[in-house]
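Colleague: predicted coordinates and the sequence they were generated for:
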Amino acid sequence: AQKITQTQPGMFVQEKEAVTLDCTYDTSDQSYGLFWYKQPSSGEMIFLIYQGSYDEQNATEGRYSLNFQKARKSANLVISASQLGDSAMYFCAMRGYRGGSYIPTFGRGTSLIVHP
Amino acid sequence: GAGVSQSPSNKVTEKGKDVELRCDPISGHTALYWYRQSLGQGLEFLIYFQGNSAPDKSGLPSDRFSAERTGGSVSTLTIQRTQQEDSAVYLCASSPAGGTEYTFGSGTRLTVV
């Protein structure tokens, strides 16, 4: 079974600063994928970034980067130059093989508030 | 369509009534997933479909919950004899087979009074 742990229920950051959101995972799969999603107050789930377990380079998408440390089973999200619009819930997820397909399992989320 | 469409966006129902929630995935996406998000919580996996088949129903919280998918497209999640603890946002997502990106709908907010 897969498990995703996000230990920070809430985080605060000053506008234009960088922030790291923590995510650790547990799986016995050799092949898996890790995601981050953003959920603003509107409720939609917005895909941010993906990292495959065999990818050697850390994934980056604009201001988002995923700090993947396979041996530590961590997949932290780094947001550089925070903006007010980054205030939202952030969910870490892992794509693991279950019952014949790849199913994302989500963490409990981290609420990020960006101060002006 | 361009995205995943869910209807209704909001549903208020009386305890004990049945409700049907609908998900229309992105055209061509063979995999479809249902999640439940209670207030302030993460996403709880309910069920997924590969084509019209649901190989794993173990995530459904009780036998009051059922789901089907027809024509490899639209899916319906049915909750019978609704209870107050069923109040939540029900999210649907779809992906291509073996995909690495899951596109979510805007969800159905269910309130049982």
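Modeller: Everything's here; your move. Not measured: the values here are computed from a predicted model.
Colleague: how about the residues of chain A near chain B?
Modeller: A:33, A:35, A:37, A:42-45, A:47, A:50, A:52, A:91, A:93, A:95, A:98-109 (Cβ under 8 Å from any Cβ of the partner chain). Every residue, glycine included, has its C-beta placed from N, CA and C.
Colleague: PyMOL command for the buried members of the residues you listed?
Modeller: Those of the residues of chain A next to chain B that count as buried under 16 or more other Cβ atoms under 10 Å in any protein chain shown are selected in PyMOL with:
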select buried, chain A and resi 33+35+37+44+45+47+50+91+93+95+98+101+102+103+104+105+106+107+108+109
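Colleague: so where's chain B uncertain?
Modeller: Counting by pLDDT under 70, chain B contains low-confidence residues at B:1.
Colleague: from the centroid of it, which residue is nearest?
Modeller: residue B:34 (3.6 Å; Cα atoms, centre = their mean).
Colleague: the helix or strand hosting it: partners in the sheet, and parallel or antiparallel?
Modeller: Using DSSP states H and E, residue B:34 sits within strand B:31-37. With DSSP bridges as the test, strand B:31-37 is paired with strand B:44-50 (antiparallel), strand B:88-95 (antiparallel).
Colleague: so of those strands, which one's packed in deepest?
Modeller: Highest mean neighbour count of the strands paired with strand B:31-37: strand B:88-95, a mean of 23 (counted as mean count of other Cβ atoms under 10 Å in any protein chain shown).
Colleague: C-terminal to that strand, what's the next element?
Modeller: Counting by DSSP H and E, what follows strand B:88-95 is strand B:103-104.
Colleague: hmm, that next one in reach of chain A?
Modeller: Yes - under the criterion of Cβ under 8 Å from any Cβ, chain A is reached by strand B:103-104 at B:103-104.
Colleague: next secondary structure after that strand?
Modeller: Strand B:103-104 is succeeded, C-terminally, by strand B:108-112 (DSSP H and E).
Colleague: helices and strands around the longest strand anywhere in chain A, which ones?
Modeller: With secondary structure taken from DSSP state E, chain A has its longest strand at strand A:88-98. Judged by 3 or more Cβ pairs under 8 Å, 6 or more residues apart in numbering or on different chains; DSSP states H and E, strand A:88-98 is in contact with strand A:3-5, strand A:33-39, strand A:74-79, strand A:101-106, strand A:110-115.
Colleague: could you dump these to TSV with mean pLDDT?
Modeller: Shown next, in TSV, are the helices and strands packed on strand A:88-98 (pLDDT from 0 to 100):
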stretch	mean pLDDT
strand A:3-5	94
strand A:33-39	95
strand A:74-79	98
strand A:101-106	87
strand A:110-115	97
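Colleague: what sits against residue A:95?
Modeller: A:32-35, A:102-104, B:100 (Cβ atoms under 8 Å, 6 or more residues apart in numbering or on different chains).
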